[in-house]
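> predicted model follows, preceded by the sequence.
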Amino acid sequence: QVQLVESGGGLVQPGGSLRLSCAASGSIFSITAMAIYAVGWYRQAPGKQRELVAALTSGDSASYVASVKGRFTISRDNAKNTVDLQMSSLKPEDTAVYYCNAGAFDTVIAGTFGSWGQGTQVTVSS
């Protein structure tokens, strides 16, 4: 099972930026998975279902939900064993707990993982 840890969240004013990081745990399996699997960033706002925000294929092709396209960028850093989510022009509606997960592309799109990390809180407020 891939074990990932999310970090980088915080409180930011509308229009601000944050960079989230999804890091593999120390296991060789997780580190390898981060380098070769598809990875998704998800978010869950209070009272709402978790939604896929951005996905990166094993070949590093990125896709985004319409509401963040042009503002968020997902990228993989194999040297650091991370997949990052650069978020710009943040809006109050981006407030949520953000999670990452890795696996087969179909699984990333469906979000049907058996377990999730603790996530990182992003709050956009003035």
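Thanks, I have the structure now.
> could you pull out the helices for this protein?
28-36, 105-110 (DSSP state H).
> tell me the contacts of the nearest residue to residue 25 once chain neighbours are set aside?
Distance criterion CB to CB, 6 or more residues apart in numbering; nearest residue to residue 25, sequence neighbours excluded, is residue 3 at 3.8 Å. C-betas here are computed from N, CA, C, even on glycine. Shown in contact with residue 3 (CB atoms under 8 Å, 6 or more residues apart in numbering): 24-25, 27, 30, 117.
> which stretches of this structure have low pLDDT?
1 (pLDDT under 70).
> picking up where we left off before, and the contacts of residue 3, which is closest to residue 96?
Set against residue 96, the nearest of the contacts of residue 3 by CB to CB is residue 117 (14.3 Å).
> now for that closest one, how many residues are close by?
18 (other CB atoms under 10 Å).
> and for residue 59?
7.
> so what sits opposite residue 63 in the bridge?
residue 55 (DSSP bridges).
> spell out for me which residue occupies the centre of the protein.
The centre of the chain sits closest to residue 41, judged by CA atoms, centre = their mean, with a distance of 2.4 Å.
> quick one: residues contacting it.
Residues in contact with residue 41 (CB under 8 Å, 6+ apart) are 20, 22, 52-55, 74, 83, 85, 98-100.
> by neighbours, which of the contacts of residue 3 wins?
residue 24 (23 neighbours).
> ok, that residue - contacts?
Here residue 24 is in contact with 2-4, 30-31, 33-34, 81-82 (criterion: CB under 8 Å, 6+ apart).
> please convert those residues to CSV, extending it with distance to residue 62.
Formatted as CSV, the contacts of residue 24 follow (distance: CB to CB, whole Å):
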residue, distance to residue 62
2, 19
3, 23
4, 18
30, 21
31, 21
33, 18
34, 16
81, 18
82, 15
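> scan these and report the most crowded one.
residue 34 leads those on contacts (other CB under 10 Å) with 25 neighbours.
> quick check, it in contact with residue 79.
No. Counting by CB atoms under 8 Å, residue 34 sits too far from residue 79 to count as a contact (11.5 Å).
> residues in a beta bridge with residue 74, which ones?
residue 85.
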